[in-house]
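>>> structure, please.
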Amino acid sequence: MSEENLYTFENEEYRKTYWHTCSHVMAQAVKRLWPETKLAIGPAIDNGFYYDLDSEKAFTPEDLEKIEAEMRKICKEKLKLERFELPRAEALKLMEEQSEPYKVELINDLPEDAHISFYKQGEFTDLCAGPHLDSTGRIKGNAIKLTQCCGAYWRGDSNRKMLQRIYGVAFPKKDELDEYLAKQAEALKRDHNKLGRELEYFTTVDVIGQGLPVLLPKGARVIQQLQRWVEDEEQKRGYLLTKTPLMAKRELYKISGHWDHYLDGMFVLGDPYDETKECFALRPMTCPFQYQVYLNRARSYRDLPMRLGETSTLFRNEDSGEMHGLIRVRQFTISEGHLVLRPEQLEEEFKGCLDLAKYCLGTVGLLDKCTFRFSQWDPANPNNKYEGTPEQWEEAQRVMGQILDDLDVNYTVGIDEAAFYGPKLDIQYKNVYGKEDTLVTIQIDMLLAKQFGMEYTDTDGQKKTPYIIHRTSLGCYERTLAYLIEEYAGALPTWMAPEQARIMTITERTNDYAWEVKKQLEALGIRVEVDDRNEKIGKKIREAQLEKVPFMLVVGDKEAENGQVAVRTRKGVDEGVMSVADFGKRIREEIDTKGRAV
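Sure, this is the predicted structure:
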């Protein structure tokens, strides 16, 4: 990066430092206005900053404006930020004297030899590792915006106290803030959590539970179309369809390693620590179940590669603070697959998995905004979350890196992002607010086959251990639906739209004809509805457009007499009058080519 851009927002490190200092300024402002408030944590994040606060005061939008005003004062004061360190005992004493119990807890959790640092600005001191700007005067006061306040459990633990989290964003220039806020307003219009509910794709119900969305008929229909399409495409590519149980005894998960490495993320039925009683768990992954298909009988090299695919329902005990619409849920359906293969088949099969994922994402229109991450292990991980030896991991990552380079994949590296059994290629996607999640993953596994006793007889008559590729083709269907709603602002391509055409009558005299047209189009496989209400045609058209129906077919006396329909699209294009047969060809071509023009 050039010297002149070092202290600009083009430099991610500087941008995060700027926002981190903003979080301290916000905390100082809150303490000035409501001194009894207790401080928790206040980091910079990908799109701004936040601070978690414990206060009897329930912060309102009007309070956020007061905090902003106080932040502007602090910026004008040009307070110097000074870093200092204290021994553990003195650090604890300082935070206890300031009545900051959350800071005391954080200090107690630090290693004995940790450097305990603080930052001071004016009368305000905060426990912090930094880094920070050198002065509050570096922050442009009129380019700060506190965007929302919501609940957040302390340390993400639903058993701990619910705090108030205030989010904010800031820029070096006011016009940059204005541009950002305009984009956020547009993003809100596309937010699947808002738009998906308005269009009746899904809902959530308190008595069912957080992270357990109910797919309404429209949403269920879209996911059904995607599942059928993916299953058919996988069959064309040599996949064998399986259907395995939704739960298993703990013994299966002990073999796979999930019991040791993923127990906190599983829904367990029974006491997981009482070995005298049978204990089950809902499955968080399909892999140990599909391995039983391979183990059903003895295998030889002629059986390989074996490509197993399944539309799997999975269950993961996500933290409540992570829940978001259809993107982060506790029960979801995924296009999961496992390929059992000989080592020399690894690169070709990996290439096939990547080609399938790109085809699926490209067809639905998401590929162009995807990025690729080579997720690797962290040998220094203190939680010992990985199976295998360092030598096995280095070999797996060497092989995968070579494959990615051979396939000319443009990727970033994510340390400590690997699965516990192997490295993976994660295909990443961002929602309308810029938050990134994994959409599709392809993983290399050189470990679990041996743990399950999976073998094959090779050409030389010797027993060998196969490699495994774990992969998805379109990923989690619920998450994919969320991204599709946001990408198309609810106007899904015709081929996947829950309702592809709507017939609208101008007069009651054409009601029978409208229903006859419906039968003709349904015979062609078109999802079509009739609006024969006694309402003005303009109102019917507006409602269909708001509901994002791709085609509107208006029928009056003349159309009924001539066996025709007047065709309009949701974009307002008048395609004129045509016969029902001609419209059938028109829409079938749009569906069969999976077009995205309408």
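>>> hang on, residue 336 packs against residue 469?
No - assessed by C-beta atoms under 8 Å, residue 336 is found out of contact with residue 469, at 11.7 Å. Every C-beta, even on glycine, is put in place using the N, C-alpha and C of the backbone.
>>> of these two, which one has the most company?
The neighbour count for residue 336 versus residue 469, taken as other C-beta atoms under 10 Å, is higher for residue 336 (26 against 23).
>>> distance of the more buried one relative to residue 576?
According to C-beta to C-beta, to the nearest Å, residue 336 and residue 576 sit 46 Å apart.
>>> then residue 67?
According to C-beta to C-beta, residue 67 and residue 576 sit 58 Å apart.
>>> please apply the same query to residue 133.
62 Å.
>>> comparing those two, which residue is more hemmed in?
residue 133 (20 against 10).
>>> in the lengthiest helix in the chain, which residues are buried?
For the chain, the helix with the greatest residue count under DSSP state H is helix 12-33. Buried residues in helix 12-33, counted by 16 or more other C-beta atoms under 10 Å: 14-32.
>>> same question for stretch 518-532.
Residues 518, 521, 526-528, 530-532 are the ones in stretch 518-532 that count as buried (16+ other C-beta under 10 Å).
>>> pick out the residue closest to the middle of this protein.
Note on the chain: the residue nearest the mean C-alpha position is residue 437, at 3.9 Å, using C-alpha atoms, centre = their mean.
>>> list the contacts for that residue?
327-328, 428-431, 479 (C-beta atoms under 8 Å, 6 or more residues apart in numbering).
>>> what about the stretch 201-350 of the chain, any weak spots by pLDDT?
321 (pLDDT under 70).
>>> strands of that one, start to end?
Assigned by DSSP state E, counting those that start in this stretch, the stretch 201-350 of the chain shows strands spanning 202-203, 214-215, 240-241, 247-249, 268-269, 280-282, 306-315, 331-341.
>>> comparing the ones you listed, which stretch has the densest surroundings?
Stretch with highest mean neighbour count among the strands of the stretch 201-350 of the chain: strand 331-341 (a mean of 24; mean count of other C-beta atoms under 10 Å).
>>> determine the set of other helices and strands touching that strand.
helix 217-236, helix 287-294, strand 306-315, helix 346-364, strand 467-476, helix 477-487 (3 or more C-beta pairs under 8 Å, 6 or more residues apart in numbering; DSSP states H and E).
>>> distance to residue 47 added to the ones you listed, as TSV?
Formatted as TSV, the helices and strands packed on strand 331-341 follow (distance: least, C-beta to C-beta, whole Å):
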stretch	distance to residue 47
helix 217-236	27
helix 287-294	34
strand 306-315	29
helix 346-364	24
strand 467-476	23
helix 477-487	15
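>>> closest one to residue 62 among these?
helix 477-487 (30.5 Å; C-beta to C-beta).
>>> domain map for the protein?
Following automatic domain parsing, one finds the domains of the chain at 3-190, 202-487, 501-592.
>>> the ones you listed: which one's closest to residue 494?
Smallest distance to residue 494 across the domains of the chain (C-beta to C-beta): 4.4 Å, for domain 501-592.
>>> show the end-to-end separation of the closest one, please.
In domain 501-592, first residue to last residue: 15 Å (C-alpha to C-alpha, to the nearest Å).
>>> any stretches of the chain with poor pLDDT?
In the chain (pLDDT under 70), the answer is 1-6, 321, 382-384.
>>> now do the strand or helix carrying residue 583: distance to the chain's middle.
Assigned by DSSP states H and E, residue 583 belongs to helix 580-592. Its chain's average C-alpha position is 35 Å from that of helix 580-592, according to C-alpha atoms, centre = their mean, to the nearest Å.
>>> list the buried residues for it?
Within helix 580-592, the residues scored as buried using 16+ other C-beta under 10 Å are 580, 583-584, 587, 590-591.
>>> now, which of those sits nearest residue 394?
residue 591 (48.7 Å).
>>> surely the closest one meets residue 495?
Yes - using C-beta under 8 Å as the test, residue 591 is close enough to residue 495 to be in contact (4.5 Å).
>>> going along the chain, name the helices of the stretch 1-150 of the chain.
12-33, 61-77, 88-97, 101-109 (DSSP state H, counting those that start in this stretch).
>>> CA-only coordinates of the second one in CSV, if you can.
Translated: helix 61-77. C-alpha atoms of helix 61-77 as CSV (Å, rounded to 0.1, in the frame of the first residue of the first chain):
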residue,chain,number,x,y,z
PRO,A,61,-33.2,6.4,19.7
GLU,A,62,-33.4,9.8,21.4
ASP,A,63,-30.6,8.7,23.8
LEU,A,64,-28.5,7.6,20.8
GLU,A,65,-28.7,11.2,19.5
LYS,A,66,-27.6,12.5,22.9
ILE,A,67,-24.6,10.1,22.9
GLU,A,68,-23.7,11.3,19.4
ALA,A,69,-23.8,14.9,20.5
GLU,A,70,-21.5,14.1,23.5
MET,A,71,-19.2,12.2,21.2
ARG,A,72,-18.8,15.3,19.0
LYS,A,73,-17.8,17.3,22.1
ILE,A,74,-15.2,14.7,23.0
CYS,A,75,-13.8,14.8,19.4
LYS,A,76,-13.5,18.6,19.7
GLU,A,77,-11.7,18.3,23.0
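>>> which helices and strands does it pack with?
helix 12-33, strand 144-153.
>>> for residue 499, find the nearest of those.
With distances scored as C-beta to C-beta, the stretch of those nearest to residue 499 is strand 144-153 (33.9 Å).
>>> hmm, who's touching that closest one?
Under the criterion C-beta under 8 Å, 6+ apart, residues 22, 26, 48, 52, 59-60, 63-65, 67-68, 71-72, 75, 159-170, 177, 181, 184, 319-321 lie in contact with strand 144-153.
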